[in-house]
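Undergrad: from the sequence below, what's the structure:
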Amino acid sequence: MTDFGGYIGTDWEDFMDQLKAKSKTCQDVTDEEIELAKQKARDVYLGTAYLMSSNKHSYGKLIEDTSDAYLKCMMNNLRA
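TA: Below is the predicted model of the structure:
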């Protein structure tokens, strides 16, 4: 993927979510913090992709719980 000018799992919104989680903005982060935020966004993306492509019979409850937790978080963010 990097051969085509991109990095898997480094969507701008996911990256910004990682900065917000640490109460940072693009103006006050170091290069190291940027790399850590990109890595965390990548890890979340790849973990989600793994769960979504996994055996639903084996991981169905985990997928459901993860989805529910994500939706609850999104609803809380919309209310704030």
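Undergrad: from here on, contacts and neighbour counts on C-alpha atoms
TA: Will do.
Undergrad: give me the secondary structure label for Ile8.
TA: Under DSSP: H, G, I helix; E, B strand; the rest coil, the three-state class of Ile8 is coil.
Undergrad: could you check how far it is from Ala41?
TA: 9 Å (C-alpha to C-alpha, to the nearest Å).
Undergrad: those two: which has the busier surroundings?
TA: Between Ile8 and Ala41, Ala41 has the larger neighbour count (other C-alpha atoms under 10 Å), namely 24 against 13.
Undergrad: ok, that one touching Leu19?
TA: No. The criterion here is C-alpha atoms under 8 Å, and Ala41 misses it with Leu19 at 9.8 Å.
Undergrad: which ones are touching His57?
TA: Shown in contact with His57 (C-alpha atoms under 8 Å, 6 or more residues apart in numbering): no residues.
Undergrad: distance from the chain centre to whatever helix or strand it lives in, please.
TA: For His57, the host element (DSSP states H and E) is helix 56-79. The chain centroid and the centroid of helix 56-79 are separated by 13 Å, computed with C-alpha atoms, centre = their mean, to the nearest Å.
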